[in-house]
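1. got a predicted structure here, sequence first:
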Amino acid sequence: MTPIASHITAFLQQRLPVERGASDNTCESYAYAFKLLFEYAGDCLKVAPSELHLEQLDAPLIVNFLDHLEKTRGNGASSRNIRLAAIKSFMHFMEYRVPTALEQISRILAIPLKKAETRLVKHLTVEEMQAILNAPTPSTREGIRDRAMLYLCFAGGLRVSELIGLRIDDLTLQPHPSILVHGKGRRQRCLPLWKETASVLRTWLSIRSLASVPELFFNARGEPMTRSGFEYILCKHVRTAAVSCPSLSKKHISPHVLRHTCALTVLQATKDLRKVSLWLGHANMQTTEIYTRADPSIKLEALESVVPPKLRSGRFKATDELIASLKARSVMRSNKTST
């Protein structure tokens, strides 16, 4: 029997961050997936999670765990697949560490991903986005900071992890304003900034003062801004913006919605999917294709460029038996009247 505790520690502390160069966000996601798995396995096998063995994590238990995520926790197919991806990554790690478990591992690796429903990305209209950007009060320190964060998140199409991970050294205002973004998978990209975005950032820097943290944005305690902190700020200003733009109250707006809104804005302006992919920092163009389904202008161009086939003109004739019999009675009555 192979105790799993030491192996999962090596996977999360050495394999992911050092050997694979995974981001902190990925490491946290994988750690949470194994927390759920070990708690479920411990309950099923009546043992403490720290006493679990690799041989106990067989394919049937993994499948039952995935079903548990959907039925008990209410997770969707996408969340289920994310947890399965974490498990498979760990099993690949264990292939060379425990060769005797290759058959068990191969069965787990054979578990298929569940097909998820492909929905249109949620995004905001120009009016809704403008209302959110106008919501922070520019006469207070927090309002100036919040306005700069919202502007930069939208203009750069940033993920939350990218936004809160920005450092003061990543911002360049002269001669041309730009920001160096540390993206997913350790990929960096340099984005030029609108004059408006550069202006709100200059205003924030003028009152930011010297902080003990190198991050560009920090909270009221002087600590680096967190994911939950920015989500709270966004929700607060969405509620304020909904007063002047009621349609916002009917939408669930997360930070990623701002990223989607930026992507569609760039796509509608350039009509170039490759530029959208570069702007967002996608590693694969297939990821960017989701925006073509949400943008009706591209479909309208295709519709206008195609000559539709002609239809033969004609008049409708009733063939229903009831209509035909009534028509016949009407003809007979008219004949009797004429005689």
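-> Here it is on my side, so go on.
2. so what are the domain limits for the chain?
-> 5-109, 126-299 (automatic domain parsing).
3. ok, and what's touching stretch 43-58?
-> Contacts to stretch 43-58, defined as C-beta atoms under 8 Å, 6 or more residues apart in numbering, come from residues 1-5, 7, 37-39, 41-42, 61, 64, 94, 98, 101, 104, 107-108. Using the backbone N, CA and C atoms, a C-beta is placed for each residue, glycine as well.
4. buried stuff in the strand or helix carrying Leu258?
-> Element membership for Leu258, per DSSP states H and E: helix 255-270. Judged by neighbour count using 16 or more other C-beta atoms under 10 Å, the buried positions of helix 255-270 are 255, 257-267.
5. you'd agree Arg167 is up against Leu216?
-> Yes. Counting by C-beta atoms under 8 Å, Arg167 does reach Leu216; the two are 6.2 Å apart.
6. so what's Cys77 closest to, chain neighbours aside?
-> Not Cys; residue 77 is Ala. The spatially closest residue to Ala77, leaving aside those adjacent along the chain, is Ala116, at 3.8 Å (C-beta to C-beta, 6 or more residues apart in numbering).
7. cool, and Arg186?
-> Gly21 (5.0 Å).
8. the one you found in helix, strand or coil?
-> Recorded secondary structure, Gly21: coil (DSSP: H, G, I helix; E, B strand; the rest coil).
9. which ones are touching the spatially most central residue of the chain?
-> For the chain, the residue sitting closest to the mean C-alpha position, by C-alpha atoms, centre = their mean, is His256 at 5.5 Å. By C-beta under 8 Å, 6+ apart, the contact set of His256 is 159-160.
10. how near is it to Val121?
-> Shown here: His256 relative to Val121, a distance of 9 Å by C-beta to C-beta, to the nearest Å.
11. okay, buried residues for the helix ranked longest in the chain please.
-> If you go by DSSP state H, the chain has its longest helix at helix 24-45. Across helix 24-45, burial judged by 16+ other C-beta under 10 Å covers 26-27, 30, 33-34, 36-38, 40-42.
12. closest one of the residues you listed to Leu173?
-> For those, the closest approach to Leu173 (C-beta to C-beta) belongs to Thr26, at 31.4 Å.
13. contacting residues around that closest one?
-> Leu16.
14. can you check Ala294 too?
-> Shown in contact with Ala294 (C-beta under 8 Å, 6+ apart): 120-121, 123, 260, 264.
15. Leu113 too?
-> Contacts of Leu113 (C-beta under 8 Å, 6+ apart): 81, 84-85.
16. hmm, back to that, so can I have CSV of the domains of the chain showing mean pLDDT and distance to Met332?
-> Putting the domains of the chain into CSV (pLDDT from 0 to 100; distance: least, C-beta to C-beta, whole Å) gives the following:
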stretch, mean pLDDT, distance to Met332
domain 5-109, 91, 65
domain 126-299, 89, 54
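17. number of residues surrounding His53?
-> Each residue near His53 was counted by other C-beta atoms under 10 Å, and the total is 13.
18. correction: Ser228
-> 9.
19. can you verify it is assigned to a helix?
-> Yes. Checked against three-state DSSP, Ser228 lies within a helix.
20. what about it, distance to Arg293?
-> 31 Å.
21. tally of neighbours for Thr287?
-> Around Thr287 there are 11 residues (other C-beta under 10 Å).
22. my bad, Ile108
-> 21.
23. which outside residues touch the helix or strand containing it?
-> Remark: Ile108 resides in helix 102-109, with elements defined by DSSP H and E. With C-beta under 8 Å, 6+ apart as the contact definition, helix 102-109 has outside contacts at 54-55, 57-59, 62, 87-88, 91-92, 94-95.
24. just the C-alphas of that helix, formatted as CSV.
-> The C-alpha coordinates for helix 102-109 follow below in CSV (Å, rounded to 0.1, in the frame of the first residue of the first chain):
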residue,chain,number,x,y,z
LEU,A,102,0.1,1.6,-13.7
GLU,A,103,-3.0,-0.5,-14.4
GLN,A,104,-5.0,1.4,-11.8
ILE,A,105,-3.7,4.7,-13.1
SER,A,106,-4.5,3.9,-16.7
ARG,A,107,-8.1,3.2,-15.8
ILE,A,108,-8.4,6.6,-14.1
LEU,A,109,-6.8,8.3,-17.1
